[in-house]
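Novice: Sequence plus the predicted model coming up.
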There are 2 protein chains.
Amino acid sequence: MNTQNLPVAALIKFFEQYFPLNMAERKEVAARFTERSVKRRGFILQQGDVAKYFTFVVSGCFRQYVIDETGKEYNLQFAIENDWITDLCSFYSETASNTYVEALEPSVILQIKHEDLLYLYTHYHKFDRNFRIIVEKKYIDLQNRVMQNISVTAENRYSNFMTRYPNLAYRLPNIQIASYLGITPEFLSKVRKKIVRPA
Amino acid sequence: MNTQNLPVAALIKFFEQYFPLNMAERKEVAARFTERSVKRRGFILQQGDVAKYFTFVVSGCFRQYVIDETGKEYNLQFAIENDWITDLCSFYSETASNTYVEALEPSVILQIKHEDLLYLYTHYHKFDRNFRIIVEKKYIDLQNRVMQNISVTAENRYSNFMTRYPNLAYRLPNIQIASYLGITPEFLSKVRKKIVRPA
DNA sequence: AAATAATCTTAAACAAGTTTAAGAATCAGG
DNA sequence: CCTGATTCTTAAACTTGTTTAAGATTATTT
C-alpha cells in the first residue's frame, strides 16, 4: 500500500500530529475513509438528511449553516484543509439535520461512515483518543466564539476574526464572514470602512 | 469498598449511562477523584490560575465567566448536578486561565487532576471514550448556543433558554441568565415584562 | 468576451439593545 | 429575625446594528 501523495497521506499526517499510527491503524484509515471531490456550491449535507459521514477536508473550503423561517442563512462553522466537518448532533444521534454543509471552493475530502467510525472507536483505542482531542479543540474554539458573541462589539469581533483566522478570512467573501459573526453584510461594510479610515 | 450513597456513586452512575464499568475501573474512579465541598461564592478556578482539575458536580451549581477590561462579567457556562466543568483550554494546555469558576450554591464536587485523568486515558480505553462523549455533548450544546446568538433576538433566546433548561433557569438569578444570553439585566427585565403582558 | 449572477457599498429610516440613575423587592448570613 | 447586600424594575436618552433600496464592482459561467 503506497499512500504517499494521496489524500489519505494528509489524513495520516493529521492523526500523527497527536500519536504515531501503527501499520494496522494506517491500513484501517486507508480502508475505511472514502475519497471524494466536491465542486463549488456542492452539498455534502442538506437539511432533512441524516449526517452519515464525518468529513476530513484535504483541500478546499466548506461552511455549515442553518436557514431560518424568513430564509436567512447563518454560518455555524467553516472548515478548510486539515479540519473536520459534519453535523455532530445528526451524526451521533442518527436523526435529521437542520443544517447544510456546502463547498465554498472546489474541494477534496475523505469521509468515514458512522458505523466505520464506531468500528475504529471499538477496536482501536487511539481513535477514541484522537476524536476526543479533535472535539476538545473544536469545543475550545467554539467557547471562545461564544465569549466574543456575548461580550464584544461587531467591529471587534470582525477584527479578532481577521487576526485569528487570516488564512481563512482572506479566502472568504465578506458576506460569509458577516453571517458567521452574526451581523448583516451592510453593517460589515460600514465596520470595514471605519477600520480602514477611522473617524 | 462501599460506594453506596457516596458522591462517588453518583459519578459511577454517570459513567454507566454510557457503558458499564468493571471493578478495576470503579476502583480507579474511587481512587483518583477527590471529594470537596464548596460554599456559595467559593471559587474553584480564578483568572491567572492553571485549571488543575476536571470537576464533576455532585450537587449545587457553578458558573464559568470572564471579566472584560471594563469589569463586566460574561457567563460562559453553568453546571449543575451530573455535569462537568473546568476551563478546558487551560486544563489541557496547562496555561493560565482567563476565566473564573464560582459556586452559585453550596456545592459538592468530585475532582480529578490532569495527570490522573491522563493516567485513566492511557490505561483504560473507556475513559478516552467517556470523555469523548462528554465533550461531544457539550460541543453540540455550545453550537446550538452559537446558532441562537447569531440568529435569534434576545427575547427568543430567553424563551428558548427557559424551555430548554427549566431546572437550571428557575434556580438562577436573572442577572446570571442575562449575562449568559449576552444582554443587560435591564433589558432582560423589559423582555420578561413583555412576555408576561404582551403588548 | 459577453452575459449573468453574486458581492459590496452607501444612505436614510428604523428597531433592538445599552446606559445611567434611582427606588423597590428579595435574599443570605450573622 | 434583622441587616446589609444583591437583585429586580422602570424610564429616558443614547448607541449599535437592521432594513430597504439602489447603484457599482467583481466573479463565474457560457
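Specialist: Perfect, I can see it now. None of the values given here were measured: they were computed from a predicted structure. Residues are numbered from 1 along each chain as shown, chains lettered A, B, ... in the order given.
Novice: Pull stretch A:103-111 out as CSV, backbone CA atoms only.
Specialist: C-alpha atoms of stretch A:103-111 as CSV (Å, rounded to 0.1, in the frame of the first residue of the first chain):
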residue,chain,number,x,y,z
ALA,A,103,-18.4,23.6,-0.5
LEU,A,104,-17.3,27.3,-0.9
GLU,A,105,-14.5,26.1,-3.2
PRO,A,106,-13.8,23.0,-5.3
SER,A,107,-12.7,20.6,-2.6
VAL,A,108,-11.3,17.1,-2.0
ILE,A,109,-12.5,15.3,1.1
LEU,A,110,-12.1,12.0,3.0
GLN,A,111,-15.3,10.7,4.6
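Novice: so how far is it from its chain's centroid?
Specialist: Centroid separation between stretch A:103-111 and its chain, computed with CA atoms, centre = their mean, to the nearest Å, is 11 Å.
Novice: Next: stretch A:175-191.
Specialist: 20 Å.
Novice: Buried residues, that stretch. List them.
Specialist: A:Q176, A:I177, A:A178, A:S179, A:Y180, A:L181, A:G182, A:I183, A:L188, A:V191 (16 or more other CB atoms under 10 Å in any protein chain shown). The C-beta positions use only the backbone N, C-alpha and C, and glycine is treated the same way.
Novice: who's the residue nearest to the spatial centre of chain A bridged to?
Specialist: Central residue of chain A (CA atoms, centre = their mean): A:A79, 3.1 Å from the mean position. On the basis of DSSP bridges, A:A79 is bridged to A:F62.
Novice: and it, what is it in contact with?
Specialist: A:T55, A:V57, A:C61, A:F62, A:R63, A:Q64, A:I85 (CB atoms under 8 Å, 6 or more residues apart in numbering or on different chains).
Novice: Check whether the last one really touches A:G60, as I assumed.
Specialist: No: A:I85 lies out of contact with A:G60 (CB atoms under 8 Å); the separation is 10.9 Å.
Novice: Between these two, which has more neighbouring residues?
Specialist: A:I85 (24 against 21; other CB atoms under 10 Å in any protein chain shown).
Novice: gap between the more buried one and B:T153?
Specialist: For A:I85, the distance to B:T153 equals 28 Å [CB to CB, to the nearest Å].
Novice: for chain B, what are the nearby residues on chain A?
Specialist: With CB under 8 Å from any CB of the partner chain as the criterion, chain A meets chain B at residues A:66, A:68, A:72, A:74-77, A:88-89, A:92, A:121, A:125, A:128-129, A:131-132, A:135-136, A:138-140, A:142-147, A:149-151, A:179-182.
Novice: tell me which element A:L110 falls in.
Specialist: Taking DSSP states H and E as the definition, one finds A:L110 inside strand A:107-113.
Novice: Could you point out the helix or strand that follows that strand?
Specialist: helix A:114-123.
Novice: after that following helix comes which helix or strand?
Specialist: helix A:125-151.
Novice: what angle separates that following helix from helix A:114-123?
Specialist: 120 degrees (axes from the mean of the first three to the mean of the last three CA atoms, to 10 degrees).
Novice: and for the following helix or strand past helix A:125-151, what are the contacting residues?
Specialist: Moving toward the C-terminus from helix A:125-151, the next helix or strand (DSSP H and E) is helix A:154-164. Identification of contacts with helix A:154-164 by CB under 8 Å, 6+ apart yields A:148-149, A:152, A:169, A:177, A:180-183, A:187-188, A:191-192, A:194-195.
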